[in-house]
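> I would like to see how this sequence folds:
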Amino acid sequence: VQLQASGGGSVQAGGSLRLSCAALGSIANVNRMGWYRQAPQKQRELIAAITSGGITVYVGSVKGRFTISRDNTKNIVYLQMNALIPEDTAVYYCNSDPPIWTSNGRVYWGQGTQVTVSS
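All right, here's what the predicted structure looks like:
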């Protein structure tokens, strides 16, 4: 599977973005897919996940503002981000939860997308 995240950009605080993650390969049998983000000088963190049955979980800092969804027929995972704040600035990635794909012996992350929120 290859993962390509897109939809990032620069927005002002309070704005919205919708991220998409296209998987080149089927994700239908992957129980949990998630969105992760890595801010400068910080570790990558899981912020939202969704099961194949549509059950969602969120980290507290994004709960109520972000919505994760998935379309197994198109192999796409979405992240709708509303009420963005500068602390949301990061590179965003999608992956399974936990990550299951590897490349050259390391966890495969694929292409992320940069989100920059200005105050």
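
> Quick check on residue 87: phi, psi?
phi -70, psi -10 (degrees, to the nearest 10).

> Look up how far residue 16 lies from it.
Distance, residue 87 to residue 16, by C-beta to C-beta, to the nearest Å: 16 Å. Placement of C-beta: from N, CA and C, glycine included.

> Show the end-to-end separation of stretch 64-75, please.
Stretch 64-75 has an end-to-end distance of 25 Å (criterion: C-alpha to C-alpha, to the nearest Å).

> chain center to that stretch, what's the gap?
9 Å (C-alpha atoms, centre = their mean, to the nearest Å).

> cool, stretch 5-17 as well?
13 Å.

> Backbone dihedrals for residue 86, please?
phi -60, psi -30.

> I'd say it and residue 118 touch.
Yes. Taking C-beta atoms under 8 Å as the definition, residue 86 is a contact partner of residue 118 at 6.7 Å.

> Need the overlap of contacts for the two.
Common contact partners of residue 86 and residue 118 (C-beta atoms under 8 Å, 6 or more residues apart in numbering): residue 13.

> quick one, what contacts the one residue sitting closest to the centre of the chain?
Taking C-alpha atoms, centre = their mean, the centroid of the chain lies closest to residue 35, which sits 2.5 Å from it. Residue 35 sits next to 19, 21, 46-49, 66, 68, 77, 79, 92-94 when contact means C-beta under 8 Å, 6+ apart.

> Which one (most neighbours) among the residues you listed?
Within those, most neighbours by other C-beta atoms under 10 Å means residue 94, with 30 neighbours.
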